[in-house]
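Trainee: this one's structure only:
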């Protein structure tokens, strides 16, 4: 495949952008992040091409938009979009219902929690274990301080 059909992004401009954003001091740091050799960096620098594949790796590692990395356009950071799915929609519906019911029944959250734990004792067991682990962790942190 000929490179003349691919979009090329100028190495120097992209390097300046990412090195400022993620505090890269030299190409060796980029080599370590991307997982390539120094000779590959030198070759791309001399060709003045910053590969899209590298932008992808940086995007995943630092939460940066590929478009921003390569072109300096759009949002810099990737949005923290919540994953969708039927189970999450269901949980959102429950949350919305509880919030709405709080207007007339202020203690509905407490009631829901008790009833949920009655219906799903596995959850209650998991919650107790999780609470205990969190308390132990806090106690250990206080002992260290």
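Mentor: On my side now, so go ahead. Being a predicted model, the structure only gives us computed values, none of them experimental.
Trainee: Show me how the chain divides into domains.
Mentor: 3-71, 86-144 (automatic domain parsing).
Trainee: And those domains, which one averages the lowest pLDDT?
Mentor: Per-stretch mean pLDDT for these is lowest at domain 86-144 (a mean of 80).
Trainee: still on that earlier bit, quick one: closest of the domains of the chain to residue 78.
Mentor: domain 3-71 (5.0 Å; Cβ to Cβ). Yep, even glycine has a C-beta here, placed from its N, CA and C like the rest.
Trainee: what helix or strand is residue 70 on?
Mentor: Using DSSP states H and E, residue 70 sits within helix 66-71.
Trainee: Can you list the buried residues in that helix?
Mentor: Residues of helix 66-71 classed as buried by neighbour count (16 or more other Cβ atoms under 10 Å): 68, 69, 70.
Trainee: How about stretch 48-59?
Mentor: 49, 50, 51, 54, 55, 58, 59.
Trainee: likewise stretch 35-50?
Mentor: For stretch 35-50, using 16+ other Cβ under 10 Å, the buried residues are 36, 41, 44, 49, 50.
Trainee: Contact partners for the most centrally placed residue in the chain?
Mentor: In the chain, the centroid-proximal residue (Cα atoms, centre = their mean) is residue 63; its distance is 5.8 Å. Going by Cβ atoms under 8 Å, 6 or more residues apart in numbering, residue 63 touches 77, 78.
Trainee: Use 395 as the first number from now on
Mentor: Sure, I'll start numbering at 395, so the last one becomes residue 457.
Trainee: got CSV for the buried residues of stretch 429-444, with distance to residue 402 and secondary structure too?
Mentor: CSV is the format used below for the buried residues of stretch 429-444 (distance: Cβ to Cβ, whole Å; DSSP: H, G, I helix; E, B strand; the rest coil):
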residue, distance to residue 402, secondary structure
430, 18, coil
435, 16, helix
438, 10, helix
443, 5, coil
444, 8, coil
